[in-house]
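>>> the following comprises the amino acid sequence and a computationally predicted model.
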Amino acid sequence: MSFSFYVARRYSMATTRFNTVRLISRFASFVIGIAVCAFFVIQSVFSGLRDFGLSYTSSLDPDLKITAVDSVSFSFAEHQLMLLKNIVGVSEVSPVYVQEVVLRFKQQNKLISLLGVDDRFIDVFAITDQIPVGRWVSSTDDEILLGYGTAIDLGAGLYDYDGFVECMIPKSGVLNPLDPNPFHSRWATNVGLFQISEEIDYNYAFAPIRFVRALTKKDGDIYTELNVKISYGSDNKAIKKEVASLLGDSFLVVEKEALNPALYRMLQTERVAIYLILTLVLIIALFNVVGAVVMMVLDKRDELKTLHGIGMSFSALRKVFFFQGLLISGVGGLIGLFVGVVVVLAQSWGSFVLVPGTQLPYPVVFEVLNVGALFLIWSGLSVLAAWIASAVVRPRLFS
């Protein structure tokens with residue numbers, strides 16, 4: 001332990017001639033604690049709101065989406081799917097056949113994207129958590145799962161056997177003007193309603209992939225896309241590179257962020273803006289540290305003359321108050337960070353604070369990234385504030 005740090009520690013614990021100086025130091029430490037606590041809690045709330053929003057806006061965006069480069073659909077055998085799944089870090093691969101269809105229920109029509117899926121789809125997407133009414137489609141029956149918006153537009157209910165949902169697509173080739181029905185069609189029973197977001201609820205529906213293939217007259221292992229789920233904690237970029245190397249140039253492999261780049265850029269911009277605003281608040285709070293250290297220098301001026309008289313250099317004296325500033329901001333910041341972590345974890349586990357007007361718990365996420373960023377910003381600004389405050393120790397102070 002250096003002598004300067006020893007003196008700074010003693011000054012932090014000792015009383016002063018003026019009680020006001022001690023109160024100013026404690027108040028400065030308290031303000032730093034409040035600022036650090038607020039910094040961490042607000043960042044955790046933003047992370048929670050971001051994840052909560054993405055769970056709806058990008059709920060059908062996989063970690064990796066694979067499509068063909070030169071065609072809408074492609075053939076992909078089951079053993080090839082197993083090769084993809086055997087890649088280290090790949091949790092599941094879900095093949096999907098997407099087809100634009102016209103739904104007809106009684107006298108109502110609606111154009112939607114019908115997703116033909118198998119049982120692996122619910123292992124990639126948590127879609128079953130978004131079905132408040134009914135159930136997921138069975139792969140062996142002619143069933144369809146509608147969104148709330150589509151069901152409202154069509155006036156379709158659940159298990160309405162008096163009025164099945166008709167799925168229609170135009171017949172390919174040259175149309176025969178004498179053909180009374182220019183569409184291929186199949187009938188399906190609506191077995192549930194999902195509610196994800198307005199865009200998805202009004203424009204998408206789910207059916208067994210066998211049903212969609214039969215509707216489109218496609219045979220074999222024909223798909224329009226493959227959705228890949230990556231295990232938590234895996235290196236997404238490395239897995240993407242390995243998948244692309246396995247599939248070759250005829251397939252396009254896209255990460256989740258690239259599927260909706262505008263949204264992720266907006267979220268990143270908001271994150272940076274919040275960091276800048278909170279950093280400004282922290283800078284303002286650290287002004288109190290500068291004031292507290294300057295007041296301490298003035299209070300201890302006679303003792304500093306004595307220390308200088310027995311051989312302590314001006315640089316060593318500056319270090320005393322440099323460490324003094326670090327102790328004020330350090331103690332307050334650590335206490336504030338501890339309180340912030342407790343608040344975030346308590347909300348994550350206990351859901352004490354609800355979104356106004358709802359029964360939804362206010363979303364928060366504890367992220368190590370937020371802790372690391374806060375520590376770097378707080379420590380860097382604390383060092384700067386302590387250095388500025390210690391510069392008040394000059395030779396003319398003892399004249």
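Sure, I can see it.

>>> give the buried residues for stretch 69-87.
73-74, 76, 81, 84 (16 or more other C-beta atoms under 10 Å). In this view, the C-beta of every residue, glycine as well, is placed from N, C-alpha and C.

>>> so which of the residues you listed sit within strands?
Residues of the buried residues of stretch 69-87 located in strands (DSSP state E): residue 74.

>>> okay, the stretch of helix or strand residue 150 belongs to in CSV with CA atoms only?
Using DSSP states H and E, residue 150 maps to helix 148-154. The C-alpha trace of helix 148-154 is given here as CSV (Å, rounded to 0.1, in the frame of the first residue of the first chain):
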residue,chain,number,x,y,z
TYR,A,148,-56.9,-13.8,-34.8
GLY,A,149,-57.0,-11.2,-37.6
THR,A,150,-57.6,-13.7,-40.3
ALA,A,151,-60.3,-15.4,-38.3
ILE,A,152,-62.1,-12.1,-37.8
ASP,A,153,-61.9,-11.2,-41.5
LEU,A,154,-63.3,-14.6,-42.5
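
>>> can you get me a residue count around the closest residue in space to residue 122 that isn't next to it in sequence?
Of all residues not flanking residue 122 in the chain, residue 128 sits nearest, at 5.4 Å (C-beta to C-beta, 6 or more residues apart in numbering). Counted with other C-beta atoms under 10 Å, residues neighbouring residue 128 total 12.

>>> hey, where'd the helices end up in the stretch 151-300 of the chain?
198-203, 209-216, 236-247, 256-259, 261-299 (DSSP state H, counting those that start in this stretch).

>>> how about JSON lines for those, with mean pLDDT and mean neighbour count added?
As requested, these are arranged in JSON lines below (pLDDT from 0 to 100; neighbours: other C-beta atoms under 10 Å):
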{"stretch": "helix 198-203", "mean pLDDT": "87", "mean neighbour count": "16"}
{"stretch": "helix 209-216", "mean pLDDT": "90", "mean neighbour count": "20"}
{"stretch": "helix 236-247", "mean pLDDT": "89", "mean neighbour count": "15"}
{"stretch": "helix 256-259", "mean pLDDT": "80", "mean neighbour count": "15"}
{"stretch": "helix 261-299", "mean pLDDT": "83", "mean neighbour count": "17"}
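
>>> where does pLDDT dip in the stretch 1-150 of the chain?
Along the stretch 1-150 of the chain, segments meeting pLDDT under 70 span 1-19, 55-58.

>>> how about the stretch 251-399 of the chain?
Ranges of the stretch 251-399 of the chain meeting pLDDT under 70: 304-305, 307-309, 311, 314, 357-359, 395-399.

>>> swap in 90 and give it another go.
254-279, 281-333, 345-375, 378-399 (pLDDT under 90).

>>> re earlier: looking at the helices of the stretch 151-300 of the chain, which is closest to residue 165?
Checking the helices of the stretch 151-300 of the chain against residue 165 by C-beta to C-beta gives helix 209-216 as the closest, at 11.3 Å.

>>> so what touches that closest one?
Residues outside helix 209-216 that contact it (C-beta atoms under 8 Å, 6 or more residues apart in numbering): 95-97, 99, 101, 114-118, 139-140, 142-144, 167, 169, 184-186, 188, 219, 222.

>>> just the ones in strands from those residues, please.
Using DSSP E, the subset of these located in strands is 95-97, 99, 101, 114-117, 143-144, 167, 169, 184-186, 188, 222.

>>> mind listing what's buried along stretch 54-69?
By neighbour count on 16+ other C-beta under 10 Å, the buried set for stretch 54-69 is 54, 58-68.

>>> hang on, the earlier thing: so how far is the helix holding residue 150 off the chain centroid?
With C-alpha atoms, centre = their mean, to the nearest Å as the basis, helix 148-154 stands 30 Å off its chain's centre.
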